[in-house]
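Asker: My questions are about this predicted structure, shown below with the sequence.
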Amino acid sequence: MCHVAVVQHALQKTDKALHTLNAAIKIAPKNPLCKFERASILHSSEQYGDALAELNDLKDIVPKESSIYFLLGKVGNTFSLLLLCQDYYIKDNSALTYKIRKIDKYYKIRKTDKYISRLTR
């Protein structure tokens, strides 16, 4: 079922893919492949909090899998960036764009313009 969900996600049917993975995880709750694919799809869907929680659970199941830590780093950096942006937005809206671009150069994240437009609406 995990591979079916990967194909659904590749066909831009993310909701169906998550539904398929949830059904697969209901059958086998400790299946690391399904949990990793769900975390990956959540990350690509910009649901960073859910992806982070999934990866932390997965880290306990398979503690020596390097791909988990790689994705955990990507999710953690993006999630931290969003929290930092929200913090700066609350404090000073004029400094927001400057700080985001500075962080963007450091982490080499290419989606900051999308985040800036969301936060400054």
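Answerer: Noted; the coordinates are in hand.

Asker: show me where pLDDT drops low in the chain?
Answerer: Scanning the chain for pLDDT under 70 picks out 76, 79-121.

Asker: tell me which element Pro63 falls in.
Answerer: Using DSSP states H and E, Pro63 maps to neither a helix nor a strand.

Asker: so what's the closest residue to Asp50 other than its chain neighbours up against?
Answerer: Among residues not flanking Asp50 along the chain, Leu42 sits closest, at 4.8 Å (C-beta to C-beta, 6 or more residues apart in numbering). To be clear about C-beta, it is placed using only N, CA and C from the backbone, and glycine gets the same treatment. Shown in contact with Leu42 (C-beta atoms under 8 Å, 6 or more residues apart in numbering): Leu18, Tyr48, Asp50, Ala51, Glu54.

Asker: at 10 Å what do you get?
Answerer: Neighbouring residues of Leu42 by C-beta atoms under 10 Å, 6 or more residues apart in numbering: Thr14, Leu18, Leu21, Tyr48, Gly49, Asp50, Ala51, Leu52, Ala53, Glu54, Leu55, Val75.

Asker: Buried members of the residues you listed into ChimeraX, please.
Answerer: Per 16 or more other C-beta atoms under 10 Å, the buried members of these correspond to this ChimeraX selection:
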select :14,18,21,48,50,51,52,54,55,75
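
Asker: could the contacts of Leu42 go into TSV alongside distance to His3 and secondary structure?
Answerer: Below are those laid out as TSV (distance: C-beta to C-beta, whole Å; DSSP: H, G, I helix; E, B strand; the rest coil):
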residue	distance to His3	secondary structure
Thr14	16	helix
Leu18	15	helix
Leu21	11	helix
Tyr48	25	helix
Gly49	26	helix
Asp50	22	helix
Ala51	20	helix
Leu52	24	helix
Ala53	24	helix
Glu54	18	helix
Leu55	20	helix
Val75	22	helix
